Structures are given as C-alpha cells and as structure tokens.
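coords please:
(one chain, ligands or ions: 1)
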Amino acid sequence: MAERIILTGASSGIGAALAQEYSVPGASMLLIARNAERLSDVADAVRAKGATVEIEAIDVTDEPAMKAAIEAFDDDAPVTIVIANAGIALGRRKGEPEAPGVARQQVEINLMGMLHTIEPMLPRLIARKSGRIAMIGSIAGLRPQADIPTYSATKAAVHGYGEAIRSWLRGHGVSVTVISPGFIKTPMADKHHGPKPFEIPAEKAARIMARAIENRRGRLVLPWPWSFLLWWEQLFPARISDWFERMSAADVGGGSDKP
Ligand SMILES: NC(=O)c1ccc[n+]([C@@H]2O[C@H](COP(=O)([O-])OP(=O)(O)OC[C@H]3O[C@@H](n4cnc5c(N)ncnc54)[C@H](OP(=O)(O)O)[C@@H]3O)[C@@H](O)[C@H]2O)c1
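Numbers count the residues shown, from 1 in each chain. This is a model prediction of the structure:
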C-alpha cells in the first residue's frame with residue numbers, strides 16, 4: 001500500500017533518514033522542520049527516488065500553523081503514518097546546572113511539539129479506523145540521565161503520552177509505536193562529548209524504526225543491547241544506578257537551540 005506520511009524534524013539526522021527510508025514510488029509525505037534550505041535538500045533526495053513530497057518550514061511549537069498544515073495535507077488525501085520526531089537535546093555543562101530557558105525550550109519543542117503533530121490527526125484516524133502513529137522518545141526517558149535532566153523529563157513525558165494513547169487507540173484500528181533510541185549518529189549525537197555506547201548510523205536506525213511501525217509494534221528500544229541493559233539496571237538500588245549515571249555523565253552543553 002502506498003503510504004502517506006507526516007514527519008517532523010525531517011531536515012536532519014533521524015528524520016532525514018526516515019524520509020529516505022519511506023521514499024518509494026507511490027509514497028507521499030509532508031516534511032516539517034524550521035530550516036527551509038535543509039528541508040528542501042531532503043525533499044530533492046526524496047523526489048529523486050520517486051516519492052511525492054511537500055515541505056513546510058514550521059516550528060513545531062506553533063500550534064495553529066501545525067494544525068493548518070497537517071489538516072490541509074490530510075484533506076488532499078488520507079494520511080496513513082504520523083511520526084513525531086522533531087526534538088532538541090540541551091543539557092548541563094559538567095559541574096553546572098542547566099542554563100536558564102533550557103527546560104522551557106525542551107518542554108515546548110520535545111513535548112508540546114509532539115502533541116501539536118499528533119493531536120490534529122487523532123479524530124481523523126479514529127474516524128477512519130486506520131493509521132499508524134509513532135513518536136521518538138529516548139533511552140533517556142526510560143533511564144533519566146544526569147547530564148540532560150530536563151531532556152530526560154521531556155522524553156519520559158513523550159513515552160507516557162504514547163503509552164497512554166496506545167492502549168486507548170488499540171480498539172480503534174490505530175497503532176502507536178513508542179520509539180526509544182540510544183545513540184544514533186546524527187548532528188544531535190555529535191554534540192554529546194562523552195562515551196556513546198552501541199552508536200549506530202541514522203540510516204540503520206531509520207530502517208529498524210520503519211519496520212517496527214509497519215509491524216505495529218507497541219515499543220521499540222534500539223539498538224537492542226539497550227533494552228537488556230535498561231531492564232538490568234532497574235534491578236539495582238537507586239544508589240548504584242546514580243553512581244553509574246554520575247560516572248558516565250558527559251558535557252552536553254547548554255544554551256539555546258537555533259535552527
Ligand atoms: N541522535 C540520537 O542519539 C538520539 C537519541 C535518542 C533520541 N533522539 C531523538 O530523535 C529525534 C531526532 O533527533 P536527531 O538525532 O535526528 O537530531 P538532529 O539531527 O538535531 O535533528 C533534529 C530535527 O528536529 C528538528 N527540530 C528541532 N526543533 C524543531 C522545532 N522547534 N520545530 C520544528 N523542527 C524542529 C530539526 O530541524 P530544524 O532545526 O530545521 O528545525 C531537525 O530536523 C529527536 O526527538 C531526538 O530527541 C536522538
């Protein structure tokens with residue numbers, strides 16, 4: 001079946017790789033991010049593989065603009081897959097608390113941006129009794145990390161929302177895949193100055209994610225060693241896992257994120 005996809009954060013990293021992954025003749029997609037030039041480069045590559053693409057340079061925090069673009073795209077032809085991927089990762093410099101504004105910016109982009117992507121499509125997918133939704137969380141949402149406290153909190157919230165709507169939508173023919181990546185080689189991960197165990201390329205991550213969405217999997221942690229480690233860590237008392245987190249904390253940098 002030809003998929004019709006809405007994908008945020010498509011101008012870079014995982015989003016750009018997902019756009020490529022879904023680029024087959026007959027597929028159509030709406031790619032959203034702030035940087036129009038980078039979006040346009042991704043769109044050219046998608047078109048070269050035979051898919052149809054529209055781009056919208058929108059900030060996912062702009063709720064009315066997101067709603068208008070998403071509804072217009074769905075009015076033209078029914079959307080089959082919605083992927084809320086846009087996100088930023090800001091954290092602490094070693095030994096310092098997070099900079100002012102870091103928390104609010106991440107709540108607005110990582111959490112509210114995800115809601116602005118999914119909410120406009122919910123009544124439509126439910127009415128049609130079909131469709132797939134995916135949101136990109138993080139292993140930091142499953143095991144919050146000392147170097148990125150508010151990022152971890154926003155990703156835990158993304159997981160919480162995904163888990164909640166999945167059980168609700170199960171009876172309505174709509175699947176929800178909550179995706180928790182570990183380190184994926186992208187511009188975001190390149191800003192993380194510390195160990196990045198099991199890091200995999202964005203193209204490989206996109207392939208695994210698309211397969212999980214296709215199979216309507218409820219949860220995906222990737223690459224797979226993280227699911228084992230996170231399960232194992234839960235068995236430790238907080239004192240031991242806190243020590244481990246302190247030892248592995250990196251300098252992630254603070255400040256603001258600019259497109
Ligand atoms: N890479 C990893 O290791 C890793 C691990 C766990 C989770 N993740 C999650 O995976 C997702 C993608 O990350 P990535 O690694 O691919 O990072 P990336 O290369 O920095 O890409 C982030 C994407 O999000 C878009 N974006 C950011 N803020 C936005 C806003 N306000 N409005 C619209 N678009 C916005 C960016 O586009 P513009 O700048 O053009 O707006 C870009 O396309 C994020 O949710 C991230 O938290 C990544």
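
where do the helices sit along the protein?
Assigned by DSSP state H, the helices in the chain fall at 13-21, 36-48, 63-76, 102-106, 113-118, 122-128, 139-142, 149-169, 187-190, 202-214, 225-233, 238-248.

export the helix or strand of the chain with the lowest mean pLDDT as CSV, just CAs?
Lowest by mean pLDDT, DSSP states H and E among the helices and strands of the chain is helix 238-248, with a mean of 82. What follows is helix 238-248, C-alpha atoms only, in CSV (Å, rounded to 0.1, in the frame of the first residue of the first chain):
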residue,chain,number,x,y,z
ALA,A,238,19.0,3.8,43.3
ARG,A,239,22.4,4.5,44.9
ILE,A,240,24.2,2.2,42.5
SER,A,241,22.4,3.4,39.4
ASP,A,242,23.0,7.0,40.4
TRP,A,243,26.7,6.3,40.8
PHE,A,244,26.8,4.7,37.3
GLU,A,245,25.0,7.7,35.9
ARG,A,246,27.4,10.1,37.5
MET,A,247,30.4,8.2,36.2
SER,A,248,29.1,8.2,32.6
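
Let me see the residues that make contact with it.
For helix 238-248, contacts defined as CB atoms under 8 Å, 6 or more residues apart in numbering pick out 143, 145-146, 194-195, 233, 236. The C-beta positions use only the backbone N, C-alpha and C, and glycine is treated the same way.

Same question for stretch 36-43.
10-12, 15-16, 19-20, 31-33, 53, 55, 57.

Show me what counts as buried in that stretch.
Buried residues in stretch 36-43, defined by neighbour count with 16 or more other CB atoms under 10 Å: 38-39, 42-43.

among these, which are within reach of the ligand?
Within the set of the buried residues of stretch 36-43, contact with the ligand (CB under 6 Å from any ligand atom) is found for R38.

Show me which of the buried residues of stretch 36-43 is closest to P97.
Distance to P97 across the buried residues of stretch 36-43 (CB to CB) is lowest for R38, with 31.7 Å.

can you pull the pLDDT of the closest one?
Looking at R38, its pLDDT is 98.

Which positions are bridged to V176 in the beta structure?
Per DSSP bridges, the residues bridged to V176 are I133.
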